[in-house]
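1. From the sequence below, what's the structure:
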Amino acid sequence: MTVVKSTIPESARQVTGDALQGTLVDLLGLSLIGKQAHWNIVGPRFRSIHLQLDELVSAARSFADTVAERSAALGIPADGRPETIASAFTLPGPKDGWVRDSDVVGLMVEALEAAIAKLRERIAATEEADPVTQDLLISITADLEKQRWMFDAENWPRDN
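-> Here you go, the predicted model:
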């Protein structure tokens, strides 16, 4: 059943829909990773990283809403159901229990790098299919790169 008529051709709609759905899964997953780490972080940098995780979670949730609404605007139903996220999510996640602050930082850098790499692939895929969606993905990537940088800066000084 098609409720909303798409403004782009079917072939472009498929490419764009796949890019948006993958991004939605990654963003919702990032928000869950961030909250899990937020609740279980321990260590001397607890407070600053705890607050930084909330900033990431807020951004990821806001972007997820924007991505889902872009999908709907193109006549593609977004799928953010828990079972969809659980089965499709591939970014690294935290272990269970308490997580040391330095481990949280490393996890968030790794998860954000993986999400950014996938976004860059989707940016390339949507270049011709839908430049509007590509622009949205570029904007999200820019913010996630800033988030990754901020977490990575917590790793200083480094031994290497």
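2. What about the closest residue to Leu74 other than its chain neighbours, how many residues nearby?
-> Taking CB to CB, 6 or more residues apart in numbering, and ignoring the residues beside it in sequence, Leu74 has Ser6 as its nearest neighbour in space, at 5.0 Å. The C-beta positions use only the backbone N, C-alpha and C, and glycine is treated the same way. By the criterion of other CB atoms under 10 Å, Ser6 has 16 neighbours.
3. for Ser11, same thing?
-> For Ser11, using other CB under 10 Å, the count is 9.
4. Same question for the one 5 residues further on.
-> Here the neighbour count serves as a burial measure; for Thr16 (other CB under 10 Å) it reads 25.
5. doesn't Ala129 make contact with it?
-> Yes - checked against CB atoms under 8 Å, the pair Thr16 and Ala129 is within contact range at 5.2 Å.
6. shared neighbours of the two, anything?
-> Shared between the contact lists of Thr16 and Ala129 (criterion: CB atoms under 8 Å, 6 or more residues apart in numbering) are residues Ile8.
7. for the residue nearest to Leu74, what are its contacts?
-> With the criterion set at CB under 8 Å, 6+ apart, Ser6 makes contact with Arg13, Leu74, Gly75, Ile76.
8. Reformat those residues into CSV and put secondary structure next to each item.
-> Listed next are the contacts of Ser6 as CSV, based on DSSP: H, G, I helix; E, B strand; the rest coil:
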residue, secondary structure
Arg13, helix
Leu74, coil
Gly75, coil
Ile76, coil
